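Asks: coordinates only, sequence not included:
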């Protein structure tokens, strides 16, 4: 077992990072804040997958790499695996975590219907505050997954779907 | 009788939810890096890290008090000891040493020889003014303010700048009398 810190440390820095970018630096430009948060996640995912694959043979195909994310990578981060993996066999994979830790730790008081982290609906800013806040938090794990896969040689786009809270699905679309 | 203050944070650390420290270290590193890119001025990055820490400290103190069984400390000396032995341990899994007390017992140093924030970190020459771990000083300041102690926390030694340890100087500026959020018969 490697070194550990209290989970509240990670929760704390992520929460403050999201709030700094959304409320202080880019409060009037949510799309810029989102891009920065995703970039931070990307960096983390990129470095983590570098570390976790050091002693492994190369993955033979996309599915192998995605399975690595679902099992080993997810276990290192959340002490559990992804619960469900689906694919259309044409480059889209849906990774579902039935109880995504980083969402169960934020309190959400409105019911966010079908918020996709990749598409911001800025038409109703007030009613959508909680949903927007949640989706802002999802850019970070989306970035982590994209960074990890990019490091494994798989360029992709990643978005999140939280229509079934506390389950969270990450949709990975591999770029041809 | 009030429960005895714990002497170490080991059992607390064993009982809190823990995560892989790499995730923490790399996340913090990526944040600092992005802040440097976005804010450009190193001084501004120091300020933002301190503010992030402050906000975290304001929340962490609740978790600390709830889980640690620590009750009121008799003086700033006891407070510093508890932070070093119990607080740091419970959250970061490391302990600090308290030294360099001034005669009045209002200023001391917390020395960290092991610091999970800086695993894998090296600073480029362009970041000489950066207090990479400034989030820590913010956390202390925020947490202490919630228990009525106004403090100034400054970096004295920093291994990323070539020193042999991390040393934070904590200065008690003012002990704020406790204010209640309600008024009696008013």
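Replies: Perfect, I can see it now. Quantities reported herein were computed from a predicted structural model and do not represent experimental measurements.
Asks: From chain A, how far off is residue B:74?
Replies: As for residue B:74, its distance to chain A is 27 Å (criterion: C-beta to the nearest C-beta, to the nearest Å). Backbone N, C-alpha and C define where each C-beta goes, glycine included.
Asks: what about that residue, how many neighbours?
Replies: Look at residue B:74: counted by other C-beta atoms under 10 Å in any protein chain shown, it has 8 neighbours.
Asks: buried ones in the lowest-mean-pLDDT helix or strand in chain A?
Replies: Here the helix or strand of chain A ranked lowest by mean pLDDT, DSSP states H and E is helix A:101-104, holding a mean of 86. Residues A:101-103 are the ones in helix A:101-104 that count as buried (16 or more other C-beta atoms under 10 Å in any protein chain shown).
Asks: What ranges in chain B fall below the confidence cut-off?
Replies: B:1-5, B:178-186 (pLDDT under 70).
Asks: where along it do the strands fall?
Replies: For chain B, the strands defined by DSSP state E cover B:18-20, B:97-99, B:107-112, B:149-157, B:166-175.
Asks: Please render the ones you listed as JSON lines that adds distance to residue B:26 and mean neighbour count to the earlier fields.
Replies: Putting these into JSON lines (distance: least, C-beta to C-beta, whole Å; neighbours: other C-beta atoms under 10 Å in any protein chain shown) gives the following:
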{"stretch": "strand B:18-20", "distance to residue B:26": "10", "mean neighbour count": "20"}
{"stretch": "strand B:97-99", "distance to residue B:26": "27", "mean neighbour count": "15"}
{"stretch": "strand B:107-112", "distance to residue B:26": "19", "mean neighbour count": "21"}
{"stretch": "strand B:149-157", "distance to residue B:26": "22", "mean neighbour count": "16"}
{"stretch": "strand B:166-175", "distance to residue B:26": "19", "mean neighbour count": "18"}
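Asks: Which of those sits closest to chain A?
Replies: With respect to chain A, and counting by C-beta to the nearest C-beta, the nearest of those is strand B:18-20 at 4.1 Å.
Asks: how far does that closest one sit from the chain's center?
Replies: 19 Å (C-alpha atoms, centre = their mean, to the nearest Å).
Asks: Residues in contact with it: which ones?
Replies: For strand B:18-20, the external contacting residues (C-beta atoms under 8 Å, 6 or more residues apart in numbering or on different chains) are A:2-7, A:10, A:76-77, A:79, B:93.
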